[in-house]
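**Q** Need a 3D model of the following:
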Amino acid sequence: MVTVFYQNPADAVRARMAANGLLFNEKYIRCMLWDVKDIPPHSNLYVKNLRPNVTARDLDQEFGKYGEVISSKIQYNSENESQGYGFVQFTNNREAESAIKSLNNKEMWGSTI
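**A** All right, here's what the predicted structure looks like:
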């Protein structure tokens, strides 16, 4: 794990959007905007039934329509193959609930999430 601190929050957001989900040294990069201890409960969503080609960037793009995404992750196995699920972390519960109401059981990326 590497921690990078930015003086300008906008720079941190740009860095996260540029690097999150990229493959580096045979591992996918995961970027978060918040210290884990500050994350409100019930604002982290489990997203299942994802097609193998769905990326963390795809999650950012779709779920970002409902609030500020501070972390997104696709779960991969040791062969870097998608396990078909991931997580999306919002800054608060209200945004997470909005995404659930809008996206639960919705057809996305060729499957129902």
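**Q** Could you verify that Glu97 is part of a helix?
**A** Yes. Looking at Glu97 with DSSP: H, G, I helix; E, B strand; the rest coil, it is inside a helix.
**Q** How far does stretch 11-19 sit from its chain's centre?
**A** Offset of stretch 11-19 from its chain centre (Cα atoms, centre = their mean, to the nearest Å): 13 Å.
**Q** Please put the alpha-carbon coordinates of it into PDB.
**A** Provided in PDB are the C-alpha atoms of stretch 11-19 (Å, rounded to 0.1, in the frame of the first residue of the first chain):
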ATOM      1  CA  ASP A  11      -5.600  17.200  -7.800                       C
ATOM      2  CA  ALA A  12      -6.400  14.100  -5.700                       C
ATOM      3  CA  VAL A  13      -9.600  13.500  -7.700                       C
ATOM      4  CA  ARG A  14      -7.800  13.800 -11.000                       C
ATOM      5  CA  ALA A  15      -5.100  11.400  -9.900                       C
ATOM      6  CA  ARG A  16      -7.700   8.900  -8.700                       C
ATOM      7  CA  MET A  17      -9.600   9.100 -12.000                       C
ATOM      8  CA  ALA A  18      -6.400   8.600 -14.000                       C
ATOM      9  CA  ALA A  19      -4.900   5.700 -12.100                       C
END
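**Q** where exactly do the strands run in the protein?
**A** For the chain, the strands defined by DSSP state E occupy 23-24, 27-28, 44-48, 69-76, 82-90, 107-108, 111-112.
**Q** what stretches of the chain score poorly on pLDDT?
**A** Per-residue confidence for the chain (pLDDT under 70) gives these ranges: 1-2, 34-38.
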